[in-house]
Structure formats: structure tokens, C-alpha cells
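J.: need the 3D shape of this:
(chains A and B)
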2 protein chains.
Amino acid sequence: MTGWVEKLDAVAHSRGSLVCVGLDPDPERMAVSGVAEFNRAIIDATSDLVCAYKPQLAFYEALGIGGLRALEQTVSHIRDVAPDAVLVGDCKRGDIGSTAAAYARAMFDVWDFDTVTLHPYLGIESVEPFTERADRGAIIVCRTSNPGAAELQDLRLTGGDGEGTLYEHTARLASEWNTRGNVGIVVGATYPGEMAKLRDQHPDMPFLIPGVGAQGGDVEAATRAGVNAKGRGVMISSSRGIIYASEEAATFDAAARQATLTLRDQINEALK
Amino acid sequence: MTGWVEKLDAVAHSRGSLVCVGLDPDPERMAVSGVAEFNRAIIDATSDLVCAYKPQLAFYEALGIGGLRALEQTVSHIRDVAPDAVLVGDCKRGDIGSTAAAYARAMFDVWDFDTVTLHPYLGIESVEPFTERADRGAIIVCRTSNPGAAELQDLRLTGGDGEGTLYEHTARLASEWNTRGNVGIVVGATYPGEMAKLRDQHPDMPFLIPGVGAQGGDVEAATRAGVNAKGRGVMISSSRGIIYASEEAATFDAAARQATLTLRDQINEALK
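T.: Presented below is the predicted three-dimensional model:
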């Protein structure tokens, strides 16, 4: 049974792409009115250029049950046209015991994601129901790209295991929790110095890197800081920069393809 | 416009109850087969005895779109038969910017919760889209009742604002974020000493207290440690101990009522 980490390595190699397209459908910006139709067009325009797709659950939940039906159709379409792409459920869940087990059933058995983003705050019990599935896994939120991230993540720890900052400790915990080789971390593109340090401390864990494009992270710096020794092991994620590259019905899919190509080439250029 | 904190104070006073019933439907344990029917029976059996209901989103999501339809019916039934009860969406979300805004639309406009549980890890930007709604609000996960909670929450901080433990810092941040009087914190019942200290530091913030019943917290100790100066300001939450008090179709609703009465009286006894 191949896990998502091996799948990512294989597709990044075969497609020559580290781009993850974030599917965050917002009816106020979509060039066509149906979420499933919009996503289908974006997927069809980009499926040969990416290593992963990342639907953000919030945007589907905000549209109620109709939005969740569109999520179902979106996942199914990705499985049809891009079966080798990693399917990341960006849900940032974090709960314990029977609740965490229920979320794992939702994200894997109902929605069929390969891996999902999780909060670390409740400890290993909130992660294990996801990582005990050898063919699935989890990506722990470690260092995010927003200004307010520092309020908790940059806190300095003292004593025992807790040297350095909270986000470094979170990365260490994620690494300890990674006994089955199916755990990654989220590291925002806006902090390439911190990312390079984390890569140094964790040579093998995959990084999900949001924050390029609309959030202003430097693609070249993030790429060089984030990749592993093979020049892979990252998913560099852009959502709005790709899916809203044009908001015109006649051009949005072609514009999404062009934006994906540009990002892919920028990343690959940085690795030369 | 009355916020959920005022609503909680009013219902706790009028009903003489600090009990919150957690609605965590698990088809393997439910005494009847439909989630909406099960919840309806539990609600009808307990609506005069509680200050709040707390559906845990994971259990509905785990059942796919059918589960979410049952959530819709459950919320609507609570609004009908217990309009004065606080409706807590236990979702533990935590994301930023346009994503946090989308989650707030989902939890308030789609599902109609009064307040929701949130993770603190991404800072104020992940909370503000919820708290900027004067009639709604948020409850920040601070100190949970599981053994693994200590991995992050008990970390000791050093320097500047960050004295004490991470969970104390989280409580301070929640208090800072509480500029509109609609923020509470989650504090597990299994740590009454820590709860008393948090109440001392934060005399006015409401506490959502899980961890009695199935999780083993001492009701009397938690009640005395958690209440505010008026003897209210807490929601003491029990899920499995109430909704699965009996797993027989003939008796589960009466057993749920009896378990709720017992918990209510235990709490009120502790306050004498």
C-alpha cells in the first residue's frame, strides 16, 4: 500500500512539478456560477502541471450541503483525471478520542482525501486516528504565513524538551509522531529563513507551503529553503493566484493554466 | 442584540442549570437508527434541564451529507423547543483571512450556531471573523482534558509576555481578543486546580467544561473551580454519559433525562 508521501515523491518526479493548486471556490469571484463546474474547468486546465490539489473545506462548508455536494464531485473528478496527484484536505481539524476518529472517517472515508491538515494543540491523540491509516496521513500546522501567527508560534520555551520556539517544538513533535512515515508539516512561504532551519532539522518530512502568490511569499526563496536533498518533498500551494488569475468566463481556465505554468517554472528555475 | 454570553447567563439563571448536553451521535451506539430522530428524542427529554446543547461536528461529517442534513434538523429542533438554550458548535476550527471568514459563514449563517469552539494556534486573525459578529462569538480551546494535552499546553514559556505555561498564555490571548464580550475558553474538567487559577485570572470569561462523565472529571471539584462570582459562567458538558445512558430503544430518552437531572443536581449541590 503506497502512502501519500511516496505518492507525492512519485508525481513530483514524473510531472516535474511541485505546484499544489488550492481549490477555494468563492462565488463572488468565480468566473462561472457552479462550484463543481468551476473546479472541473480548473482541474482540466492544470492536471498535467501539478503534484497536488488542495480543496479548503471552509469554502465548501460556507455553501452548505450544496457546497459539500460540489466537493464530492470535485474529489471524484480529480480521481478520474489526475489519479497520481496527491489530494490534500485542508481542514485544520484537531480533536481527541472518538471525535478525532470521526473526523478521520469524514476526511478519508466520506471525502477520500489522501492526507489532511491538523492542528497540534491537543497532542498526539488528535493525530493518531489519522496517521494509523498507512495509506493516508496528516500534515501538522507548524508555522503559518499570517502576521498574527507570531502570537503563539513564536513564543519562546524554556526547560526540558522545550527549547527554542513553539513552532520548532511543534515540528519536533510532528517528527516524533511520524512513526509510520506519513506525517508532514505546514510551513508558510513568508519565512524562508525559518523554513531552511526546519528543513535542516527535519530532512525527510514533506512540507506543505502556502503563502506564495496572494500572500506575498517569495517563490524562489521558499523553494530553495524548503526542498529536501532530492529537490522535492514540498507542495508549494497557490489558490487565488491561480483560480482567480482571470475572473472572466471566457478566459479563467486558460489563465489558471498559464499561472500554474509560470509558478511551476519559477520553482523549477530556483532549483537549477 | 443579545450575545451568547448574556443568553447563557439568562438561561443558567432561569433554568437553574449549568448542564450542556453534547450531541455526538454514533450509529454504533444509538438506540434508534436515525440521527435526527435520536437527537430529537434526547432534546425533547432534556430541554427543560439544560443551559446549552453542543453538537460535535465530527460525528455529523463522518456520516456524510446525510449526517449534515440531520445536523440541520437537529439545530432547527433545538431552536423550536429550547430557544433560550445556547447552541454551541463544537468544530474546533482555526484558519485565517478569507478561510476563517468562510468558516464563520458556515457555522453561523449555514448552521446557525450561537458560538463555536476555535483553535488558538494561528492567532487573532483566526478568531476575529467569528467575534466581530456581536450576536455570535467564539470559545477558544485553552486546556483540554486528554492525557496528551500536556505535550503543547503545559510547555513553559520564557521572556516578555510569555510567562507561565502555554495554556495560561492562550487564556490571556483569549482575554485580549475579547474586546466585544463574546469570547470564552475551553477548560477540561480533569484539572480543577488549573481551572481555579484560570478563573482567578479571568473572572468574567465563560468556560466550556468538557471531561465530566466518560472522561472521568470530578463534577463537584470542576463546578466549584469554574463558576464565576455569580455561581454561573460555565457550561458543564457531558455527551456519552447522557446520550448513551441507556442503549435500549425503550429507555434511552428517559435514561438521558435521568442522567441530565443527576448531573444538574450534582452541580447545584456543589454550589450550596
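
J.: please count neighbours and contacts with C-alpha atoms only from this point.
T.: Fine.

J.: grab the nearest non-local neighbour of the residue in the stretch 151-272 of chain A that chain B sits nearest to.
T.: Here the stretch 151-272 of chain A gets closest to chain B at one residue, A:Leu157, 4.4 Å apart by CA to the nearest CA. The shortest distance from A:Leu157 to any non-neighbouring residue, by CA to CA, 6 or more residues apart in numbering or on different chains, is to B:Leu157 (4.4 Å).

J.: swap in A:Ser33?
T.: A:Pro27 is the one closest to A:Ser33 (CA to CA, 6+ apart), at 6.7 Å.

J.: circling back: how much space separates the residue of the stretch 151-272 of chain A closest to chain B from A:Val141?
T.: Distance, A:Leu157 to A:Val141, using CA to CA, to the nearest Å: 18 Å.

J.: likewise for A:Ala62?
T.: Counting by CA to CA - A:Ala62 and A:Val141 are separated by 22 Å.

J.: what about stretch A:231-240, average pLDDT?
T.: Taken as a whole, stretch A:231-240 has an average pLDDT of 97.

J.: got the phi and psi for the closest residue to A:Glu163 other than its chain neighbours?
T.: Nearest residue to A:Glu163, sequence neighbours excluded (CA to CA, 6+ apart): A:Leu157, at 5.3 Å. Backbone torsions of A:Leu157, given as degrees, to the nearest 10, read phi -100, psi 160.

J.: what pLDDT is listed against A:Leu157?
T.: 91.

J.: how many neighbours does it have?
T.: 24 (other CA atoms under 10 Å in any protein chain shown).

J.: who's in contact with it?
T.: Going by CA atoms under 8 Å, 6 or more residues apart in numbering or on different chains, A:Leu157 touches A:Glu163, A:Gly164, A:Thr165, A:Leu166, B:Leu155, B:Arg156, B:Leu157, B:Thr158.

J.: check A:Arg257 too.
T.: Counted by CA under 8 Å, 6+ apart, A:Arg257 has contacts A:Ile42, A:Ala45, A:Thr46, A:Ile242.

J.: the nearest residue to the first one once chain neighbours are set aside: neighbour count?
T.: Yep, that's A:Ile42 we're talking about. Of all residues not flanking A:Ile42 in the chain, A:Asp253 sits nearest, at 5.5 Å (CA to CA, 6+ apart). For A:Asp253, the count of nearby residues is 27 (other CA under 10 Å).

J.: residues near the closest residue to A:Glu132 other than its chain neighbours, how many?
T.: Once flanking residues are discounted, A:Glu132 sits nearest to A:Arg180: 7.7 Å by CA to CA, 6+ apart. A:Arg180: 12 surrounding residues under other CA under 10 Å.

J.: now the one 4 residues further on
T.: A total of 28 residues lie near A:Gly184 under the criterion other CA under 10 Å.

J.: again, but for A:Gly16
T.: 17.

J.: wasn't A:Leu49 part of a strand?
T.: No - under DSSP: H, G, I helix; E, B strand; the rest coil, A:Leu49 sits outside any strand and is assigned coil.

J.: how near is it to B:Asp135?
T.: 45 Å.

J.: tell me the secondary structure at A:Ala12.
T.: helix.

J.: show the pLDDT at it.
T.: At A:Ala12, pLDDT is 97.

J.: likewise A:Glu163?
T.: 72.

J.: and the one 10 residues further on, by the same measure?
T.: What the model reports for A:Leu173 is a pLDDT of 96.

J.: could you report the neighbour count for it?
T.: 18.

J.: and what of A:Ala150?
T.: By other CA under 10 Å, neighbour count at A:Ala150 equals 18.

J.: the helix or strand containing it near chain B at all?
T.: Here A:Ala150 sits within helix A:150-153, counting by DSSP states H and E. Yes - using CA under 8 Å from any CA of the partner chain, helix A:150-153 reaches chain B at A:Ala150, A:Glu151, A:Leu152, A:Gln153.

J.: now what about that helix, what contacts it?
T.: A:Cys142, A:Arg143, A:Thr165, A:Leu166, A:Tyr167, B:Pro120, B:Tyr121, B:Leu122, B:Gly123, B:Ile124, B:Thr170.

J.: who touches the last one in this structure?
T.: Taking CA under 8 Å, 6+ apart, we find B:Thr170 in contact with A:Leu152, B:Pro120, B:Cys142.

J.: which residues are in contact with A:Leu68?
T.: Taking CA under 8 Å, 6+ apart, one finds A:Tyr60, A:Glu61, B:Ile65 in contact with A:Leu68.

J.: so which bits of the helix or strand containing it are buried?
T.: Element membership for A:Leu68, per DSSP H and E: helix A:64-81. By neighbour count on 16 or more other CA atoms under 10 Å in any protein chain shown, the buried set for helix A:64-81 is A:64-75, A:77-78.

J.: for those residues, which one is nearest chain B?
T.: The closest of those, once distances to chain B are taken by CA to the nearest CA, is A:Gly64, at 5.8 Å.

J.: roughly how far out does the helix holding A:Leu68 sit from the chain middle?
T.: 17 Å (CA atoms, centre = their mean, to the nearest Å).

J.: can you name every helix or strand that the next helix-or-strand element following that helix contacts?
T.: Counting by DSSP H and E, the next helix or strand C-terminal to helix A:64-81 is strand A:86-93. Counting contacts by 3 or more CA pairs under 8 Å, 6 or more residues apart in numbering or on different chains; DSSP states H and E, strand A:86-93 packs against helix A:4-15, strand A:52-55, helix A:57-61, strand A:115-118, strand B:86-93.

J.: so which of the ones you listed is nearest A:Gly211?
T.: Closest to A:Gly211 of the helices and strands packed on strand A:86-93 is strand A:52-55 (CA to CA; 13.5 Å).

J.: centroid residue for chain A?
T.: Centroid check for chain A by CA atoms, centre = their mean gives A:Leu208 as the closest residue, at 4.6 Å.

J.: pairing partners for whatever helix or strand that one lives in, with directions?
T.: For A:Leu208, the host element (DSSP H and E) is strand A:207-209. Applying DSSP bridges, strand A:207-209 is found paired with strand A:183-187 (parallel), strand A:234-238 (parallel).
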